[in-house]
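S.K.: let's see this in three dimensions:
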Amino acid sequence: MADDDDVVYPLTGNDDLIAAGLVPEDDDDIRDNAAALLGINVSSGSTLIDLDGGDGGGGVASAPSVPTTWTPVGSNSTDGISSLGKRKSDVWVDFDEIYETLQKRAIGLRLIEIKHSGENIAERIAAVVEEYCLIDKIFFITLDNASSNAKAMNTLTALFAGYLGPDPSPDPLDPSNRKYSLEYYNAMGVRPRKFGLDMNVRWNSTYLMLKHLLSYKNVFSVFINSHYGSQLSTNHWYVAEKLLEFLELFYDSTIVLSGVYYPTSPLVLHHILEIASHLHACEKDQNLRAIVYPMKLKFLKYWQDIPLLYSYAFILDPRAKIRGFFNMLQLLGEYTGSEYSSYYADAKT
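M.R.: This is a model prediction of the structure:
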């Protein structure tokens, strides 16, 4: 075996394989793989890979190399280095546009190991914002409708007033202040409570809002009319009662068809028929006609072509069977103006 002084450094992987009597690797494959994965040229005289990051302290010295192309992060240019001073491989060229346009950053994701109250949420948010010096750079804040978030914003609004503006909460002279509302509740002998809001993304929210509101209509009438003039009249409450009556069937159908402890598929056609009959009858009401017509169009869009699964479940119900299914289709056709004879034949076969 040769002495160490006779060995020429550095030994390559192929030299070791040849010395061991094994077949060497194909240099072309090595070059191709290195070019694809590392973005460097490993031909003779090229730069050796610096495992220490090129920061000194034991790194392998670089030999003269063939110039290669590097892509900076967040730039359309394919030359240069990244914003962190690191050279970037050509394989990332396709991602330049994403790096340039996408500017979302999660700067703080702090765990709240105690109660998620408004005070604790506000404390964590304020700590992150102060840590990154963003107090005077907050443009808007997006939250869901949790009550703890609303309480947190009551604390944070004063801190972020530089961009968010003044505290929007009512001052003592504002008649909408909760203190004055409580006085009216106590004077009317009604227990104070919170009311739900009408939300576009929550089913039956309008119905639930009106249902809880109508029992307090006298309190609201006295409170609003005494501070804002004659804003609420009996006609307004009449319209609210009509809307509550109109929406009640949709709420009941949602509750029944959302059950989990009983089969709901046999009940679908029952409620489709009830809703179709309800919309057909309300079309004649002058107060509801404007909202019933688009609702009926939407209803027909989804339920004019009834899925056969619900028809089979309806037929297998001992209360309905095939005769009840035939009668149901006849009534549904009268309410919607649709023809279901061919659909009945398909269901039978």
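S.K.: give me the distance between residue 339 and residue 283.
M.R.: Taking Cβ to Cβ, to the nearest Å as the measure, residue 339 falls 20 Å from residue 283. In this view, the C-beta of every residue, glycine as well, is placed from N, C-alpha and C.
S.K.: who's more crowded, the two?
M.R.: Relative neighbour count places residue 283 above the other of residue 339 and residue 283, with 14 against 10, counting by other Cβ atoms under 10 Å.
S.K.: so the more buried one sits against residue 295, correct?
M.R.: No - using Cβ atoms under 8 Å, residue 283 makes no contact with residue 295, being 9.9 Å away.
S.K.: now do stretch 248-268: distance from first to last residue.
M.R.: Using Cα to Cα, to the nearest Å, the end-to-end distance of stretch 248-268 comes out at 17 Å.
S.K.: can you list contacts of that stretch?
M.R.: For stretch 248-268, contacts defined as Cβ atoms under 8 Å, 6 or more residues apart in numbering pick out 203-204, 207-208, 271, 274-275, 278, 309-310, 313-314, 316-317, 320.
S.K.: just the buried residues out of the residues you listed, in PyMOL syntax.
M.R.: Typed into PyMOL, the line below selects the buried ones among the contacts of stretch 248-268, using 16 or more other Cβ atoms under 10 Å:
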select buried, resi 204+207+208+271+275+278+310+313+314+317+320
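S.K.: among the contacts of stretch 248-268, list the two that are farthest apart in space.
M.R.: 208 and 316 (34.1 Å; Cβ to Cβ).
S.K.: buried residues in the helix or strand hosting residue 155?
M.R.: Using DSSP states H and E, the element containing residue 155 is helix 147-159. Of all the residues in helix 147-159, those buried under the rule 16+ other Cβ under 10 Å are 148, 149, 151, 152, 153, 156, 157, 159.
S.K.: give the rounded mean pLDDT of it.
M.R.: Computed over helix 147-159, the mean pLDDT rounds to 82.
S.K.: likewise for stretch 301-317?
M.R.: If you average the pLDDT values across stretch 301-317, you get 93.
S.K.: between the two ends of that stretch, how far is it?
M.R.: Using Cα to Cα, one end of stretch 301-317 lies 26 Å from the other.
S.K.: which residues does it contact?
M.R.: Outside stretch 301-317, the residues that reach it (Cβ under 8 Å, 6+ apart) are 263, 265-266, 268-270, 272, 276, 320-322, 324-325, 328, 336, 338, 343, 346-347.
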